[in-house]
Structures are given as structure tokens and as C-alpha cells.
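K.L.:
How does the following fold in three dimensions:
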Amino acid sequence: MQVLSHISFVVVFYSLLLNPSHCLNLKLFNDSKIRNGDQWQIAAATWYGEPEGGGSDGGACGYSDSVEKPPLSKMVSAGGSSLFKGGKGCGACYKVKCRENSACSGNPVSVMITDECPSCFLGPVHFDLSGTAFGSMATSGKATNLRNVGQLNILYKRVACSFGNSIAFSIDNGANPYYFATEIEYENGDGDLVDIQLKQANSDKWLPMQRSWGSRWALNLGSWMQPPFSIKLTEDAKNSRKTIVAYNVIPRDWKPGQVYRSVVNF
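P.N.:
Numbering: from 1, shown residues only. The predicted model follows:
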């Protein structure tokens, strides 16, 4: 069985260079047919973590054990730089499928970007899938066979996430009355979160939050902040921006480590 970790991946890559007949061949697919047909595009795929696991525990996006639980249920992926986008790609949803190996079912499965793979460079677009997600591309009963291949050419396309009518705000354990930080999870749509603003109960002014890393946004005001807080979220999808407001989503008695949910979503 071949399990590619982010640390060991470089060694594997250079061994492939020495044996070019075993390298991924991104020209196996008819690129013009893919792009002009149903908009599937070509990517490289590997997997990491446990064979039936969720990759890493939340990884560079900060989702913690959410990757193991519904609605994600381990169907997640780390992304190379073109997918992770410095953290902006956290929470993006994709359909992926494979067809170059006899164990491939050819049926698409859904994954969400939850981690970064800094050593992923088999192609311009590289998914480092969880063991569960990689195996899900296989014909029934052949998940182990497919994982044993280790790396594949796959087809992918960006799709809209659909998680229901609420967004989750997981409050950072280091948050306090002077410093507010939260992970933002389960936003719908096919765009990236590009702007988050917070409004205090005693003000009409929207204060810009900064992406500290991954899906975590923070506001270090330096003075006592007055809850409840409203959060304004802006999503950029194909150069078209959409904004929603979760009014009073963070209650007056909020606490670090708690999760609060909105009644709106994109």
C-alpha cells in the first residue's frame, strides 16, 4: 500500500523523475473535449493519512474534528497552491472522478478543501485526497486496489457547496472581550470568502476582520467589545460578489470554544 504524506511526497516525486514511464501523464485525456463539454478539467491526485481516514485533523484550514463528522464525513482533500490559495480556498467544494485505472468507477464524488499540501506539484492542479475520498472513486469493493495505485490522473470541476441554511462560527479558544476570532464553516455557494466584517451591539459601524490563517478570521480591536455581534460575509464567485449578514449571530454571553450558527447562508 502506498500512503503519500506531505513530508515524504518529495522523495516519491524524485523517484518518479528517475522512472518516467511511471509518471502521471496529463495528456492521456482529450483536454479540448473536456473543457468544451461538461467543463471537467484535468488534475493530479494522491492521498494521505489513514486508508479510511479523513487525511489530517482539520489541517491548515482549522476545521479540527469537523472533517470526521457529518456533513463532511472524511470526504475532504488537501490542495496544492492553486486550490488552497493561501487559505482562501478553504471550504471550496469540488466533484472529482477517475477513469484511467481498472479500479476507477468513473462516478463523481464530492470533496471539500480542508488542508494545504505544500509539496503537491505533480501538476498545476493537485488534490491530495483523504484515504476515504480517494477510495470513494473506486468501483465497489476495489477501494484498496485504487489506493494501492497511489497517484492518478483525475477529472475535477468546482461546484457549489450545499450545507443547509446555516453557517457555523466556531469561536477560537484564544478569543476574549478585546480580541475576537472565529473559524467560519459550511458556507454555501461556489465562491470564496473574501471579506468578513463585524458590528457590535452599540455601534452602526462595520469593522473589517482579517484572515489570520485558513478559515480563521480575527478582529483585534484592543478595547472592550460589546456583544451581540453581527457578521457580514462576502463571497466572490466568478467575479460576482454576494453579501449576506448574520445578525446577532454571536450572542451576548458568547464563550471561547463554542459554536454558534446563523439562520442565513449563501
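
K.L.:
In stretch 232-248, which residues are buried?
P.N.:
Residues of stretch 232-248 classed as buried under the neighbour-count rule (16 or more other CB atoms under 10 Å) are 232, 233, 234, 235, 244, 246, 248. Every C-beta, even on glycine, is put in place using the N, C-alpha and C of the backbone.

K.L.:
I should have written stretch 145-164 there, sorry.
P.N.:
Per 16+ other CB under 10 Å, stretch 145-164 contains these buried residues: 146-147, 149-156, 158, 161, 163.

K.L.:
now the end-to-end length of that stretch.
P.N.:
35 Å (CA to CA, to the nearest Å).

K.L.:
next one: it to chain centre, how far?
P.N.:
How far stretch 145-164 lies from its chain's middle: 12 Å, per CA atoms, centre = their mean, to the nearest Å.

K.L.:
which ones are touching the residue in the chain sticking out farthest from the centre?
P.N.:
Ranked by distance from the centre of the chain (CA atoms, centre = their mean), the top residue is residue 202, with 34.9 Å. Listed by CB atoms under 8 Å, 6 or more residues apart in numbering, the contact set of residue 202 reads residue 226.

K.L.:
Kindly list the longest strand within this structure.
P.N.:
Longest strand in the chain, counting residues (DSSP state E): strand 240-250.

K.L.:
before we move on, the earlier item: what is the nearest of the buried residues of stretch 145-164 to residue 192?
P.N.:
Within these, proximity to residue 192 (CB to CB) peaks at residue 158, which comes in at 10.1 Å.

K.L.:
For residue 161, list the residues it contacts.
P.N.:
Per CB under 8 Å, 6+ apart, neighbours of residue 161: 91, 92, 93, 112, 186, 187, 188, 189, 190.

K.L.:
Tell me the bridge partners for the fourth one.
P.N.:
Legend: beta-bridge partners of residue 112 under DSSP bridges are residue 76, residue 93.

K.L.:
Number of residues surrounding it?
P.N.:
23 (other CB atoms under 10 Å).

K.L.:
Could you double-check that it lies in contact with residue 75?
P.N.:
Yes: here residue 112 reaches residue 75: they are 7.1 Å apart, a contact under CB atoms under 8 Å.
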